[in-house]
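> no letters, just coordinates:
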């Protein structure tokens, strides 16, 4: 997702039995569901949530880190975001090791 005015939205039922693909929630629980890319303005109107007009493309940032393309400040910002969002622990080991090296884990 390269458009910062859209957000990836996951749709699942409460039991996790909805048809779709396997998804991992922020708390690490696996559910079945779908992911959609939704315009942030439309998402805010549909849900009543305070959705920012622009969001970060964390996946693109992760790919850039893996390719060695981020400066130190951006690496630190990325890993702080991954921890804040609760997804750091569910990523492959190199992310945890880098977070510990940065003093974030």
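Structure received. Since the structure is predicted, the reported quantities are computational estimates derived from the model, not experimental observations.
> A strand includes residue 49, no?
No: following the definition DSSP: H, G, I helix; E, B strand; the rest coil, residue 49 is coil and is not counted among the residues of a strand.
> got the buried residues for whichever helix in the chain runs longest?
The helix that spans the most residues within the chain, counting by DSSP state H, is helix 72-84. Buried residues in helix 72-84, defined by neighbour count with 16 or more other CB atoms under 10 Å: 75, 78-79, 82-83. Bear in mind the C-beta positions are built from the backbone N, C-alpha and C, glycine included.
> tell me the one of the residues you listed nearest residue 30?
When the buried residues of helix 72-84 are ranked by distance to residue 30 (CB to CB), residue 82 comes first, at 18.6 Å.
> so that closest one sits against residue 99, correct?
Yes: under the criterion of CB atoms under 8 Å, residue 82 is in contact with residue 99, at a separation of 7.4 Å.
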